[in-house]
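Participant: Turn this into a structure:
(chains A and B)
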Amino acid sequence: GENVEQHPSTLSVQEGDSAVIKCTYSDSASNYFPWYKQELGKRPQLIIDIRSNVGEKKDQRIAVTLNKTAKHFSLHITETQPEDSAVYFCADLRGNEKLTFGTGTRLTIIP
Amino acid sequence: IAGITQAPTSQILAAGRRMTLRCTQDMRHNAMYWYRQDLGLGLRLIHYSNTAGTTGKGEVPDGYSVSRANTDDFPLTLASAVPSQTSVYFCASSVGGWSDTQYFGPGTRLTVL
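Facilitator: Numbering: from 1, shown residues only, chains lettered A, B, ... in the order given. Coordinates of the predicted model:
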């Protein structure tokens, strides 16, 4: 199947500003969309996820929105801090098939 | 509680050699996974196991084999390593199905010369 497309590949934002990363999927059967954060030299860790029956989910400074019509979902980080600097991966799950990851976005927070 | 561990941390291997990467979890998770991470390509699934005794192929299975003799261990074997298998390998586990949180190990950096 097709991979989920993730943009941008790199993103730099001023500390305190917001960051948005977008992923586009192809299969309308996709029903689960997690986001993983990987700090430099560390392992990926789940930070937030959303299922297809929900349009938005928030957890403090991070949120994920899902647009099923357009087949895209986005990660929003507000009031960015230096510790938000990392590589972020989206993923999608089509039906009960395998989870497929995007190619990652390297986010740099400029002090 | 260790969570999920991998060994070795890093390895340099001559092409043609056989190598087994080890992965152990103590969380009693049913599902385990192996990914490779290459710059610009993200995380790609090599093999997975939904439960002990079963395995399945992922996106890039060629040149790799796995076994799942018990719940805790999920070794990945490269039968005859090639330079294109140079990568960082992550093992992960989850309680059950694909929509459960995957917990990743610390990774193994493998260089094939």
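Participant: The residue lying closest to A:Arg61 once chain neighbours are set aside: neighbouring residues, count only.
Facilitator: Distances taken as CB to CB, 6 or more residues apart in numbering or on different chains place A:Thr78 nearest to A:Arg61, at 5.1 Å, with adjacent residues excluded. Placement of C-beta: from N, CA and C, glycine included. Using other CB atoms under 10 Å in any protein chain shown, A:Thr78 has 15 neighbouring residues.
Participant: Just the local confidence number for A:Thr78, please.
Facilitator: We have a pLDDT of 98 for A:Thr78.
Participant: now B:Ile1
Facilitator: 56.
Participant: The nearest residue to A:His7 once chain neighbours are set aside bridge partners, please.
Facilitator: Of all residues not flanking A:His7 in the chain, A:Lys22 sits nearest, at 5.5 Å (CB to CB, 6+ apart). Counting by DSSP bridges, A:Lys22 forms beta bridges with A:His7, A:Ser74.
Participant: Tell me if I'm right that A:Lys22 and A:Ser9 touch.
Facilitator: No - A:Lys22 is beyond contact range of A:Ser9, at 11.7 Å (criterion: CB atoms under 8 Å).
Participant: which of the two has more neighbours?
Facilitator: Taking neighbours as other CB under 10 Å, A:Lys22 and A:Ser9 compare with A:Lys22 leading, 18 against 13.
Participant: what sits against the more buried one?
Facilitator: By CB atoms under 8 Å, 6 or more residues apart in numbering or on different chains, the contact list for A:Lys22 reads A:Gln6, A:His7, A:His72, A:Phe73, A:Ser74.
Participant: Please tell me I have it right and the residue nearest to A:Arg61 contacts A:Gln60.
Facilitator: No - counting by CB under 8 Å, A:Thr78 sits too far from A:Gln60 to count as a contact (9.0 Å).
Participant: Quick check: phi and psi on A:Pro82?
Facilitator: Dihedral angles of A:Pro82 (phi, psi; degrees, to the nearest 10) stand at phi -50, psi -30.
Participant: Number of residues surrounding it?
Facilitator: Neighbour count for A:Pro82, taken as other CB under 10 Å: 10.
Participant: ok, the spatially most central residue of chain B to chain A distance?
Facilitator: Central residue check for chain B by CA atoms, centre = their mean: the C-alpha nearest the mean position is that of B:Trp34, 3.0 Å away. Going from B:Trp34 to chain A by CB to the nearest CB, to the nearest Å gives 12 Å.
Participant: who are the neighbours in contact with the residue lying closest to that residue once chain neighbours are set aside?
Facilitator: Leaving aside its chain neighbours, B:Trp34 sits nearest to B:Ile46 (4.4 Å; criterion: CB to CB, 6+ apart). Counting by CB under 8 Å, 6+ apart, B:Ile46 touches B:Trp34, B:Tyr35, B:Arg36, B:Gly58, B:Glu59, B:Val60, B:Pro61, B:Tyr64, B:Val66, B:Leu76, B:Tyr89.
Participant: wait, doesn't the fourth one sit right on A:Lys98?
Facilitator: Yes - contact criterion CB under 8 Å: B:Gly58 and A:Lys98 qualify, at 6.2 Å.
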